[in-house]
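Student: How does the following fold in three dimensions:
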Amino acid sequence: MKKICVLIVMLLTIAISDLRADNMDCVPDCPEDQFNYNCPVFTTTFGTCTIRIYWGYRIACGVYHDIIITGIDYWGDCTFLSENDMLSFAALYIMESSFVTGAKPAGLGWPQPQGPGDCVTNWRVNKWSCWRRHINTTEGYESLVACNNTQDPIPCCLTWYKICLDNLNRKIITIEDEGGPNIPCPTAPGWFPCIKVCD
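Tutor: Numbering: from 1, shown residues only. Below you'll find the model as predicted:
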């Protein structure tokens, strides 16, 4: 009986430590350009909710500047944020970070609009189409994790962003398009269902 209990604890530990999705394949195009996950983990506060963002980036086909969100931890009062809200907020936070927008070698130096009326349209955010909440009772926070179907990988959705400077030199970020598969989310074991986060 002791051996069975130890085995169950070990399996649960492995499963919980592998909640982030950077080990799952989510490359929509340009398969030769893989995501780099060696980037800073961001922690920020939105109202009463604090979130920690795990992510990666790549230059796809020499054209697109792609960000991928692989997981989110959160604590505080986050009940006002849906799964999609949390992922969208995380994407905008990454896009505005000095690591992404800052000049090389300290930052990635990704393109920015150069003056009023100028726009950049080759930024994209990639994410899995189905996510669920997970409660980490030992660490005191919750997580948003990508759902994974054991038979087939969950498809991804891709959001195209437009970054402009208006006439007052203010940065305006808008969604140009979002594409995702029209399939139902799988049933994942646990307390929370998988929720579709893209159209």
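Student: Nearest residue to residue 54 in space, please, no chain neighbours.
Tutor: Excluding its sequence neighbours, the residue lying closest to residue 54 (CB to CB, 6 or more residues apart in numbering) is residue 71, at 4.2 Å. (C-beta placed from N, C-alpha, C; glycine too.)
Student: count of residues packed around the one you found?
Tutor: 20 (other CB atoms under 10 Å).
Student: swap in the one 10 residues further on?
Tutor: Here the neighbour count serves as a burial measure; for residue 81 (other CB under 10 Å) it reads 20.
Student: circling back to that earlier point, partners of the helix or strand where the residue nearest to residue 54 lies in the sheet?
Tutor: Element membership for residue 71, per DSSP states H and E: strand 64-76. Taking DSSP bridges as the criterion, strand 64-76 forms sheet pairs with strand 49-60 (antiparallel), strand 119-128 (parallel), strand 141-146 (antiparallel).
Student: How far does that strand sit from its chain's centre?
Tutor: Centre-to-centre, strand 64-76 and its host chain are 3 Å apart (CA atoms, centre = their mean, to the nearest Å).
Student: That strand: what's the following helix or strand?
Tutor: Once the chain leaves strand 64-76, the next helix or strand it forms, by DSSP H and E, is helix 83-96.
Student: what packs against that following helix?
Tutor: Contact partners of helix 83-96 among helices and strands, from 3 or more CB pairs under 8 Å, 6 or more residues apart in numbering; DSSP states H and E: strand 42-46, strand 49-60, strand 64-76, strand 119-128, strand 130-136, strand 141-146, strand 156-165, strand 171-179.
Student: Contacts for the helix or strand following that helix, please.
Tutor: Toward the C-terminal end, the helix or strand that comes next after helix 83-96 (DSSP H and E) is helix 98-101. Residues from elsewhere that reach helix 98-101 (CB atoms under 8 Å, 6 or more residues apart in numbering): 39, 40, 57, 67, 94, 95, 106, 107, 108, 109, 110, 112.
Student: If the third one is in a bridge, with which residues?
Tutor: Put plainly, it is residue 57. For residue 57, the beta-bridge partners are residue 36, residue 67 (DSSP bridges).
Student: Verify the contact between residue 53 and residue 68 for me.
Tutor: No - contact criterion CB atoms under 8 Å: residue 53 and residue 68 do not qualify, at 11.1 Å.
Student: Need the pLDDT of the residue nearest the centre of the chain.
Tutor: For the chain, residue 69 is the residue whose C-alpha lies nearest the centre (CA atoms, centre = their mean; 1.7 Å). Here the pLDDT value assigned to residue 69 is 94.
Student: check contacts around it.
Tutor: Applying CB under 8 Å, 6+ apart, we find residue 69 in contact with 53, 54, 55, 87, 90, 91, 94, 125, 126, 127.
Student: Of all the helices and strands in this structure, which has the lowest average confidence?
Tutor: Sorting the helices and strands of the chain by mean pLDDT, DSSP states H and E puts helix 2-17 at the bottom, at a mean of 35.
Student: Good, wrapping up.
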